[in-house]
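Colleague: Sequence first, then the predicted structure, then my questions.
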Amino acid sequence: GAVVSQHPSWVICKSGTSVKIECRSLDFQATTMFWYRQFPKQSLMLMATSNEGSKATYEQGVEKDKFLINHASLTLSTLTVTSAHPEDSSFYICSAKAGDTQYFGPGTRLTVL
Amino acid sequence: LAKTTQPISMDSYEGQEVNITCSHNNIATNDYITWYQQFPSQGPRFIIQGYKTKVTNEVASLFIPADRKSSTLSLPRVSLSDTAVYYCLVAPASGGSYIPTFGRGTSLIVHP
């Protein structure tokens, strides 16, 4: 199957700082990538759809100025959590479509102190 | 958007066959059904995908009735390592509005 990578796999930062998470499709091109957030014992919550060369589409309730998404190439999308606060601590997962199927990255654990 | 409903949890024993059913009553004509497995602190892993009837691969089978309002993931002879959360995702393969929204998933626990 298609491979999606994320970097970093985990990050710890101080409150008020910004953190960037990278999502790469390693063996295919993805015009569309997705960003999810998952809290403990809960399902994945779709945050936004990242479209190559255009603005991301955010789901209701997700602050676009706080979660900046850039999809500058067909293999890379980035999520930047700006001015992070402890409540932003979560597991962030990206995915990309290869043909008819969505493949997921391994996730990034963000802890904001 | 097709909403999915799955049992919250299931228990099984090693060597048994496990069937997990997902209900998706308002599935659209161009929607595909995809099942994923997720372990703690990992991203979901693709298991199987289908549109209608039966699909089988090396790890699972997917049964979809003619009305496509439900689907059943079948895991043959489960082992302890199959303990995980399983999600069904219903979304269009291409075109249309693709908003891949997950339901609550089914937590499968396999006992020795």
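Modeller: That came in fine, so what should we check first? Numbers count the residues shown, from 1 in each chain, chains lettered A, B, ... in the order given.

Colleague: Tell me which residue lies nearest the centroid of chain A.
Modeller: With distances taken as Cα atoms, centre = their mean, residue A:35 lies nearest the centre of chain A, 3.8 Å away.

Colleague: Please see if stretch B:45-53 touches chain A.
Modeller: Yes - judged by Cβ under 8 Å from any Cβ of the partner chain, stretch B:45-53 and chain A are in contact via B:45, B:46, B:49. In short, each C-beta sits where N, CA and C put it, glycine included.

Colleague: List the beta-bridge partners for the first one.
Modeller: Just to be clear, that refers to residue B:45. Going by DSSP bridges, residue B:45 is paired in beta bridges with residue B:37.

Colleague: any idea how far it is from residue A:99?
Modeller: Residue B:45 is 17 Å from residue A:99, where distance means Cβ to Cβ, to the nearest Å.

Colleague: More neighbours: those two, which one.
Modeller: residue B:45 (16 against 11; other Cβ atoms under 10 Å in any protein chain shown).

Colleague: Residue A:97: what secondary structure?
Modeller: Three-state call for residue A:97 (DSSP: H, G, I helix; E, B strand; the rest coil): strand.

Colleague: What residue, apart from its backbone neighbours, is nearest it spatially?
Modeller: Spatially, and ignoring its direct neighbours in sequence, residue A:97 is nearest to residue A:32 (5.7 Å; Cβ to Cβ, 6 or more residues apart in numbering or on different chains).

Colleague: Isn't that neighbour up against residue A:49?
Modeller: Yes - counting by Cβ atoms under 8 Å, residue A:32 does reach residue A:49; the two are 6.3 Å apart.
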